[in-house]
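Please find the sequence and the predicted model below.
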Amino acid sequence: MPTDLDPLLFGEIDPPQRLLMGPGPINAHPRVLRAMSADLLGQFDPEMTGYMNQVMALYRPIFGTRNQWTMLVDGTARAGIEAALVSMVAPGDVVLVVNFGRFGLLLTEILTRIGAVIETVDAPWGEVVPLDRIAEAIARCHPKVVATIHGDTSTTMAQPLDGFGELCRQAGALSYVDATATIGGMPLAADRWGVDVVTGGLQKCMGGPSGSAPITISDRAAEHLGRRRHIEQGIRRDDIVEGQGPRIQSNYFDLAMVMDYWSDKRLNHHTEATSMLYAARECARIVLSEGLEARYARHAAAGRAMTAGLRAMGLKVFGDDAYRMTNVTGVFIPAGVDGEAVRMAMRDQFEIEIGTAFGPLQGQIWRIGAMGYNAMKHKVLLTLAALEACLRMEGFRLPLGDAVPAALEAWRA
Ligand SMILES: Cc1ncc(COP(=O)(O)O)c(C=O)c1O
């Protein structure tokens, strides 16, 4: 077939060197990019299954758990969410969603497709849902599963989860937490929270690219999934017992089958995304070698510095200070300023990306992240200095030169 495509096929990939200071994705750690370029292996090669077992071990402390079933779902963070929900919830099950932003709404969207009966307990964007309101909602609707977000990047709020899992267990419900935006940056304590399934992603505080979703599953939830286990034709084995419960509606996201693949049975399901597994493994090695506490402290310092710098510019920070995520900060676009023009100037003049917002906050706030490989002092300071210059170029009058010293002081605090 004739083609008028350039024989060089658009040239080699050579993206500009942008500093990604939005709500994610962020720049991946160079060690992660190097790991991704390592040679591929066959999926049952002992070296490969050894790496899979190492990934299971590496992610347990990151999730704050001893759960055996700690592994990866291949796909972006949303794949982890969808796998968790479609495997935990059968059509007609009552599910309570703790909703305080766009990603709580995503849970309801996915659950609608599953055919769940959805109840919600909501907070306005910029706030979180108090535990006693969650308790009341559980008592009212007797859910089989309660699902929430840990840090919702759409609002920059982090839902407190101490006592959350216990509350669900006492009511006989399983619990699910989306920790995509906090894993590796804010403390996760799956076991202490008593939650059953937690999922994450790599492209935020883990300092990797998107495309792999770490997941941890409690024994209790694993038993529940086992009751729904249905093994596809062509790979059934006499020694593996099928469950009697309703079949999980997705094949790709069937966690019972994914668990069989990650178990010693190595029952084939998908072909594990080898380069993403290398990435996930290297992200976790970097996180653990820095030390979890040190890493959380670094993210907290970055968040403090960003917030202090923005305030020193005379800008108003969005949301409840008491529940702010450390790794992404929402800030109001000042009246009379064209928010998109400022974002474009940040990109065109300084090669820095900051984020827009969704839903009711669109056009109202920018979301500025400092996470993973980018939660560094100099990157926060550069972003603040650039924002100050761009706001001035847009005609906004602000105290000049105050942001960087304020941020430096807050970093040290
Ligand atoms: C809290 C939260 N959950 C889920 C997602 C979806 O992640 P992904 O785009 O990797 O599917 C995001 C992405 O921004 C997020 O912030």
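Looks like it came in fine. Residues are numbered from 1 along each chain as shown.

Run through the strands of this protein in chain order.
Shown for the chain, the strands assigned by DSSP state E span residues 19-20, 69-74, 94-99, 117-122, 145-149, 151-152, 157-158, 174-178, 197-199, 212-217, 328-332, 352-353, 365-369.

so which of the ones you listed gets nearest residue 275?
strand 212-217 (9.5 Å; CB to CB). Bear in mind the C-beta positions are built from the backbone N, C-alpha and C, glycine included.

so, in contact with the ligand or not, the closest one?
No - Strand 212-217 does not reach the ligand (CB under 6 Å from any ligand atom); its nearest approach is 7.4 Å.

Paired strands for that strand, with orientation please.
Strand 212-217 has the following strand partners under DSSP bridges: strand 69-74 (antiparallel), strand 197-199 (antiparallel).

Residue 143 contacts residue 120, doesn't it?
No - judged on CB atoms under 8 Å, residue 143 makes no contact with residue 120 at a distance of 10.7 Å.

Counting neighbours, go ahead and name the busier of the two.
residue 143 (25 against 17; other CB atoms under 10 Å).

For the nearest residue to that one once chain neighbours are set aside, grab the count of nearby residues.
Setting aside the residues directly before and after it, residue 143 is nearest to residue 96 in space (CB to CB, 6 or more residues apart in numbering), at 4.0 Å. Neighbour count of residue 96, defined by other CB under 10 Å: 26.

Kindly report the same for the one 5 residues further on.
The number of residues packed around residue 101, counting by other CB under 10 Å, is 28.

quick one on the thing from earlier: nearest to residue 264, out of the strands of the chain?
strand 69-74 (12.8 Å).

before we move on, back to that, could you dump the strands paired with strand 212-217 into TSV with mean neighbour count added?
Listed next are the strands paired with strand 212-217 as TSV, based on neighbours: other CB atoms under 10 Å:
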stretch	mean neighbour count
strand 69-74	24
strand 197-199	30
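
Of the ones you listed, which is nearest the ligand?
Closest to the ligand of the strands paired with strand 212-217 is strand 197-199 (CB to the nearest ligand atom; 8.5 Å).

Show residues contacting the closest one.
For strand 197-199, the external contacting residues (CB atoms under 8 Å, 6 or more residues apart in numbering) are 63, 65, 73, 77, 80-81, 83-84, 88, 150, 174-180, 188, 190, 213-218, 221.

Please tell me how far that strand is from the chain's geometric centre.
10 Å (CA atoms, centre = their mean, to the nearest Å).

Look up the pLDDT of the closest residue in space to residue 91 that isn't next to it in sequence for me, please.
Distance criterion CB to CB, 6+ apart; nearest residue to residue 91, sequence neighbours excluded, is residue 115 at 3.3 Å. pLDDT, residue 115: 98.

Relative to the ligand, how far out is residue 115?
22 Å (CB to the nearest ligand atom, to the nearest Å).

What's the local residue count around that residue?
13.

any idea how far residue 81 is from it?
Here the criterion is CB to CB, to the nearest Å. By it, residue 115 lies 17 Å from residue 81.

who in this protein is up against the ligand?
Counting by CB under 6 Å from any ligand atom, the chain comes close to the ligand at 24, 76-78, 103, 149, 152-153, 178, 180-181, 201, 210.

hmm, try it at 5 Å
76-78, 103, 153, 178, 180-181, 201, 210 (CB under 5 Å from any ligand atom).

how about the helices in the stretch 151-300 of the chain?
Ranges of helices in the stretch 151-300 of the chain, per DSSP state H, counting those that start in this stretch, are 164-170, 190-193, 219-226, 255-262, 274-290, 292-312.

Which of the strands paired with strand 212-217 sits closest to residue 287?
strand 69-74 (14.1 Å).

for the closest one, what is the average pLDDT?
98.

Need the contact partners of that strand.
Applying CB under 8 Å, 6+ apart, the contact partners of strand 69-74 are 52, 55-56, 59-60, 63, 79-80, 83, 199, 211-219, 221-222, 253, 255, 258-259, 262, 270, 272-273, 276-277, 280.

now the strands of the chain in TSV, with distance to residue 240?
TSV is the format used below for the strands of the chain (distance: least, CB to CB, whole Å):
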stretch	distance to residue 240
strand 19-20	44
strand 69-74	16
strand 94-99	29
strand 117-122	32
strand 145-149	26
strand 151-152	38
strand 157-158	40
strand 174-178	23
strand 197-199	22
strand 212-217	18
strand 328-332	43
strand 352-353	48
strand 365-369	44
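
what's the neighbour count on the closest residue to residue 142 other than its chain neighbours?
Distances taken as CB to CB, 6+ apart put residue 94 closest to residue 142, at 6.4 Å, once the chain neighbours are dropped. By the criterion of other CB under 10 Å, residue 94 has 16 neighbours.

Any figure for the gap between the residue nearest the centre of the chain and residue 386?
Residue closest to the average C-alpha location in the chain (CA atoms, centre = their mean): residue 180, at 1.2 Å. Note on residue 180: its distance to residue 386, by CB to CB, is 27 Å.

What ranges in the stretch 301-413 of the chain fall below the confidence cut-off?
By pLDDT under 70, the stretch 301-413 of the chain has no low-scoring segment.

how's the chain carved up into domains?
30-287, 292-412 (automatic domain parsing).

Quick check: end-to-end length of the first one?
When you say that, I think you mean domain 30-287. One end of domain 30-287 to the other measures 14 Å (CA to CA, to the nearest Å).

next one: that domain to chain centre, how far?
Distance, centroid of domain 30-287 to centroid of chain: 11 Å (CA atoms, centre = their mean).

Also the last one?
On the basis of CA atoms, centre = their mean, domain 292-412 is displaced by 20 Å from the centre of the chain it belongs to.

how about the helices of the stretch 1-150 of the chain, start to end?
Assigned by DSSP H, counting those that start in this stretch, the helices in the stretch 1-150 of the chain fall at 30-36, 46-63, 77-88, 102-114, 131-141.
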